[in-house]
Every structure is written in C-alpha cells, then in structure tokens.
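*Asks:* Mind folding the following:
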Amino acid sequence: MIPLGPLGLGEILGGAFATFGRHWKQLLGFAFAVYGMAVVLFGAALALAYLAVKAELHRLLEWSDESAPGSDEVMPLVLTFGTVYLFGLFALLVANAAVYAGCPAVLQDAVLGRPSSFGAIWRRVWPRLWAVLGTVLITALIAAVPLVLMTLAFVGMVVSLIALAADGSGEWGWLVLIAVLGALATGPVAVWLWVRFSFAPAAAVLEGQGTISAMARSAQLVRGAWWRVFGISLLAAVMAAAASYLLQLVFQLLSLVPSGPASLSDEAANGGVAVTIVITTMAFGLLTTLLGQILTSAFPQLVISLLYVDQRIRKENLAPALAEAAGLPPQQAPDAYGR
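*Replies:* Next up, the predicted model:
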C-alpha cells in the first residue's frame, strides 16, 4: 500500500485513500457501530431525564406572570439536562477514542497486506480503548482551555452590550479583554501540545503503550518534525471537513426529493406527506451527521497514523521490520531510505 521507506506528502495521502478504499466496509461498519451506540445511549439518557422532570418541564413551559417558576423549580431542570449534556460529551469522546484506536489497527493490516474484519478490529481495539481514551481526554482538556476562554469572551461581550444599552455602563469590558488575551496566549500552546501528542493513539494501539507513556512516545517521535506533522495533519483535517460538507449538502438535497407534489385539497394526505417529510428529513440529518463525523475523525487519523509510521521509518529504521512482517524476502526489504 505504501513504499517501505520515508514517505512524502503524496504517498501519505495516497496511503490514507488506499486504506479507506480497500477497508471502507470495516472502517465504516466499525465507526457506525460505535457512533450509533453513542447516539442510542445519549437518546436513552435524554428520555430518562425527560421522564424524571416531566412535570417540572411542563410547568415551566406553561408559566405565566401569575405563576412564574422559582429557582427551586428551574434548578432541577438545569442540573438534569446539564448532566445529560455532559454524558453526551463523554459518550462522544469514547466513540472518538474507539475510532482513533480502530484507524491504526486497520492501517497496520493495510500496510502489511493482511485482510481485516470487524471482529478483528474490535478485538484489537477493546484492550487499548481506555489507554486511547486517556490520551483523547487529556488533549480535549488542553484544547478546551482556549475554547472556554473564547466562549467567556463572547458571553462577556454580549453582557457588556446589553448593559451598555440598558444603563450606559461598560463594567464587563474587562472580562472580554482578559478572556481574549487568555485565548490568544493559550491557543498557540494548545495547538503545539495537540500536534506534539497527536501520535499517542497510534502508539497506544501499535506499541501497547499506556496513556502517559503513549503521549511521551508521541512527543519523542514528533520532535524535530513538528511543522511537517502540523501541516500534513491540518491539510487532512481540511480535506475531511470539505468532503463532509459536500456529502451533507448532497444528502440535504436528496432529503427534499420525497416531498414531491401533493394535492393541496386533501388535508389528510397533506398531513401524511408532512409527517413523511419530517421523518425523512430527520433520518437524512442523522445519517449525514454520522457520515460527516466519521469522515472528519477517521480520515485525519489515518493520515496521522501514516505520519507515525513515517517518523518511525525515518528515526528507527522500521522499514526492514515492516517488510519482514509483510512476508517479503530479505533481499526485497528496503532500508530506512527505501533502497
């Protein structure tokens, strides 16, 4: 699938496309299973939360000036649905970790020319899932710092504008300034650390490393090639985002097809058509969201995993070991420079 030597940009992208092309059933099936499971768990949690606070929610939706809800009625709703939201984020992180662990497993089979299956991927992912999840959680927390500060700046700006329009005071302006300066200060650090630890999922799966040792291993391999890893990873992320957008656009257009012409005189038929349109639109929306999430998580991770292999070939002469594992005769095994 790739030359067993140092890889250029074209060979890395070509290898990622070749892996996706040859193993798309396994990749998509595995990703659909884990993201679908996350959606089901989140839906179940949301349904349970609704059943638990249904009475309070209905009272809140039907309030009037005479029966305005108090904080003792609102806070249970905020806590319940806030907990569900956090559970949904955690379920998404676990699903992402499973896909991040599955990509190196599939890639290893592709590089060595071995067949792959859903069961084989799952058997290799499950023992390493929690180590990969640890790396995903740590990098997510690193990235969350500038994002939270930017959100705080936006909220502070809105509050300041409201206060300025109400009484002419701009007392919240300092919050906006501090949050913006904090985001500008922590953003580059977060990007630097994200690139530095980007090989951690591959190291956790392919080398059996724990969370901290996988991140240390990633930092070791990225050292001296930070800009190259950053540029190729960013290009892969942009390509995946563009493909996801085009895919969602096509599915959105397809979702409009079932609407068709309807007889405006038949009210019952129009009601049935409206229900069909709503259900179809929701189904297409869920499908496109899942496909977009798979593209934006799987393809960049395949590219990063190939970068991991490339760095090991360049730094550790991995090519002969790969050739031996692939079953090539010794005289055909290249050295670290592809000779």
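*Asks:* Pull out the buried positions in the host helix or strand of residue 158.
*Replies:* For residue 158, the element it lies in under DSSP states H and E is helix 129-167. Neighbour-count burial for helix 129-167, counted by 16 or more other C-beta atoms under 10 Å, picks out 129, 131-136, 138-140, 142-143, 145-146, 149-150, 152-153, 156-157, 160. Where you see a C-beta, it was placed from the backbone N, CA and C, and this is true even at glycine.
*Asks:* Check stretch 86-94 too.
*Replies:* Judged by neighbour count (16+ other C-beta under 10 Å), stretch 86-94 contains these buried residues: 87, 88, 91, 92, 94.
*Asks:* of those residues, closest to residue 111?
*Replies:* Nearest to residue 111 among those is residue 94, at 26.6 Å by C-beta to C-beta.
*Asks:* sec struct for that closest one, please.
*Replies:* helix (DSSP: H, G, I helix; E, B strand; the rest coil).
*Asks:* got the contact list for the nearest residue to it once chain neighbours are set aside?
*Replies:* Spatial nearest neighbour of residue 94, chain neighbours left out: residue 133 (6.1 Å); criterion: C-beta to C-beta, 6 or more residues apart in numbering. For residue 133, the contact set (C-beta atoms under 8 Å, 6 or more residues apart in numbering) comprises 93, 94, 97.
*Asks:* Which helix or strand contains the last one?
*Replies:* When you say that, I think you mean residue 97. helix 71-111.
*Asks:* Which elements pack onto that helix?
*Replies:* Under the contact criterion of 3 or more C-beta pairs under 8 Å, 6 or more residues apart in numbering; DSSP states H and E, the helices and strands touching helix 71-111 comprise helix 9-22, helix 24-52, helix 54-61, helix 118-125, helix 129-167, helix 200-206, helix 267-316.
*Asks:* So what angle separates the directions of it and helix 54-61?
*Replies:* Taking axes from the mean of the first three to the mean of the last three C-alpha atoms, to 10 degrees, one finds helix 71-111 and helix 54-61 inclined to each other by 110 degrees.
*Asks:* Helix 71-111: how far from the chain's middle?
*Replies:* How far helix 71-111 lies from its chain's middle: 10 Å, per C-alpha atoms, centre = their mean, to the nearest Å.
*Asks:* if you average pLDDT over it, what comes out?
*Replies:* What helix 71-111 shows for mean pLDDT is 85.
*Asks:* Please apply the same query to stretch 247-261.
*Replies:* Mean per-residue pLDDT for stretch 247-261: 66.
*Asks:* which intervals of the stretch 201-339 of the chain have sub-threshold pLDDT?
*Replies:* For the stretch 201-339 of the chain, applying pLDDT under 70 flags the ranges 254-281, 283-284, 325-339.
*Asks:* change it to 80
*Replies:* 248, 250-289, 318-339 (pLDDT under 80).
*Asks:* contacting residues for the nearest residue to residue 243 once chain neighbours are set aside?
*Replies:* Counting by C-beta to C-beta, 6+ apart, residue 243 lies nearest to residue 295, which is 5.5 Å off, once chain neighbours are set aside. By C-beta under 8 Å, 6+ apart, the residues touching residue 295 are 240, 243, 244, 247.
*Asks:* Surely the third one touches residue 297?
*Replies:* Going back to what we said before, that points to residue 244. No. The pair residue 244 and residue 297 fails to qualify as a contact (C-beta atoms under 8 Å) at a distance of 9.9 Å.
*Asks:* Turn the contacts of residue 295 into JSON lines, including secondary structure.
*Replies:* Listed next are the contacts of residue 295 as JSON lines, based on three-state DSSP:
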{"residue": "240", "secondary structure": "helix"}
{"residue": "243", "secondary structure": "helix"}
{"residue": "244", "secondary structure": "helix"}
{"residue": "247", "secondary structure": "helix"}
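*Asks:* now those residues: which count as buried?
*Replies:* 240, 244, 247.
*Asks:* which ones are touching the second one?
*Replies:* To tie it back to what came earlier, the one meant is residue 244. 291, 292, 295, 296.
*Asks:* Which single one of those residues is nearest to residue 210?
*Replies:* Using C-beta to C-beta, residue 296 comes nearest to residue 210 of the contacts of residue 244, at 27.1 Å.
*Asks:* isn't the closest one right next to residue 237, touching?
*Replies:* Yes. Counting by C-beta under 8 Å, residue 237 is a contact partner of residue 296 at 7.3 Å.
*Asks:* Nearest spatial neighbour of residue 109, chain-adjacent residues omitted?
*Replies:* residue 116 (4.2 Å).
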